[in-house]
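> predicted model and sequence follow; I will ask about them next.
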Amino acid sequence: MFKDISIIGDGGMGTVLAMLLCEKAVAVRMWGYEPAQLAQIARDRENKKFLPGYELPRGLVFEPDDGLALSGVDLIVSAVPCQFMRNVWSRLKGHVPQAVPIVSVAKGVENDTLLRPTQILAELLRSGRSDKLAVLSGPTIADELARKLPATACAATADGELARQLQLTFSAEWFRVYTNSDIIGVELAGAMKNVIAIAAGIIDGTGAGDNAKAALLTRGLAEISRLGIAMGARPQTFSGLTGLGDLVTTCISPTGRNRAFGERVGQGQTVEQAKDATESVVEGIATCKSVVALAGRDGIEMPITQAVYEVLFENKPVQTAIADLMQRQLKAE
């Protein structure tokens, strides 16, 4: 079990993991990109921007200095949104101890490069540390974790012993962590479900009904699985916690950023208006671009994802997008 951990990123997920670890008597320090914002969290003992309403543990240390944030730790948690990872880790890479593993909690695929979070880390750090990279993912709404409601996740990595140590480190009475060796599938499932969640929100916003939403989740999971398997993931990953489990949570949670963003679009707001209504990053917007590019590269049919892309980036009316999906050529399931 890891006992001295640095969390890079001061968003909701990084904050709630810091709370969990401090309760387990782990030494935790948190680093943020903006020193002023990190100082504000330290003064308030509350992350009012990204996880309001929860007092932070007195033992949690806030460290704005790049070198000190990473010095002497035995595990690093990368809690930086996917599209910001390259900038953050380009800045920090000179301070990363070579033997220390990094576990990513980001969900996305980088635009242009089409790299997953652990691939971004591997490229930037260039230290042959692929076996020291891991992912912690699953149906993990931060607010519910902060309330200690029962939840589960998977620690995915090619290194079985590292997976076991992560499992021991993050498991709690109310948080059950499983191990998984399919890092490709876990990362892709976590990224792509945010695109389907935007579509689910659009369904909610238009009042299309539960039948439509059930169909959307089912066919959305089929799309996720098709692309994931083509990219080397294991089929069973997509029926597990990080696939179906995370998809369901993200598509039904009233507080889920991606679903809520889609709902506002479905209600008639512009994409910019819907984005401006949230403080947090809506990962599915950028991820949608990347997934469409991946599907095109690999020749994978993803009609729901393509429809979301056309609504977000080509100003296609929502009702037209829904009608076009319903009128596609009939075929077997």
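It's in.
> and stretch 320-330, average pLDDT?
Stretch 320-330 comes out with an average pLDDT of 94.
> ok, residues contacting it?
202, 206, 208, 303-304, 307-308, 310-311 (Cβ atoms under 8 Å, 6 or more residues apart in numbering). Backbone N, C-alpha and C define where each C-beta goes, glycine included.
> one more pass at 6 Å, please.
When contacts are defined by Cβ atoms under 6 Å, 6 or more residues apart in numbering, stretch 320-330 is touched by residues 307, 311.
> equivalent analysis for stretch 95-104, please.
Contacts of stretch 95-104 (Cβ under 6 Å, 6+ apart): 66-67, 70, 75-78, 117-118, 121, 127, 132-136, 162, 166.
> try it again with 7 Å
66-67, 70, 73-78, 117-118, 121, 125, 127, 132-136, 162, 166 (Cβ atoms under 7 Å, 6 or more residues apart in numbering).
> let's see which of those residues end up in helices.
Taking DSSP state H as the definition of helices, these contribute 66-67, 70, 117-118, 121, 125, 162, 166.
> ok, of those, which come out buried?
Buried members of the ones in helices among the contacts of stretch 95-104, counted by 16 or more other Cβ atoms under 10 Å: 70, 117-118, 121, 125, 162, 166.
> residues contacting the residue nearest to residue 57 when sequence neighbours are not counted?
Nearest residue to residue 57, sequence neighbours excluded (Cβ to Cβ, 6 or more residues apart in numbering): residue 22, at 3.8 Å. Residue 22 makes contact with 28, 57, 59-60, according to Cβ under 7 Å, 6+ apart.
> which of the buried ones among the ones in helices among the contacts of stretch 95-104 has the weakest pLDDT?
On pLDDT alone, residue 125 ranks lowest of those, at 91.
> helix or strand for the spatially most central residue of the chain, which one?
What sits nearest the mean C-alpha location of the chain, by Cα atoms, centre = their mean, is residue 107, with 2.6 Å. Residue 107 is part of no helix or strand when elements are defined by DSSP states H and E.
> where's it relative to residue 218, distance?
21 Å (Cβ to Cβ, to the nearest Å).
> ditto for residue 322
Distance, residue 322 to residue 218, by Cβ to Cβ: 16 Å.
> host element of residue 312?
helix 303-313.
> helix or strand right after that helix?
Scanning forward in sequence from helix 303-313 by DSSP H and E, the next helix or strand is helix 318-326.
> ok, back up a step: save the ones in helices among the contacts of stretch 95-104 as CSV, and put in distance to residue 42 too.
Output for the ones in helices among the contacts of stretch 95-104, formatted as CSV (distance: Cβ to Cβ, whole Å):
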residue, distance to residue 42
66, 17
67, 18
70, 18
117, 27
118, 30
121, 27
125, 28
162, 31
166, 27
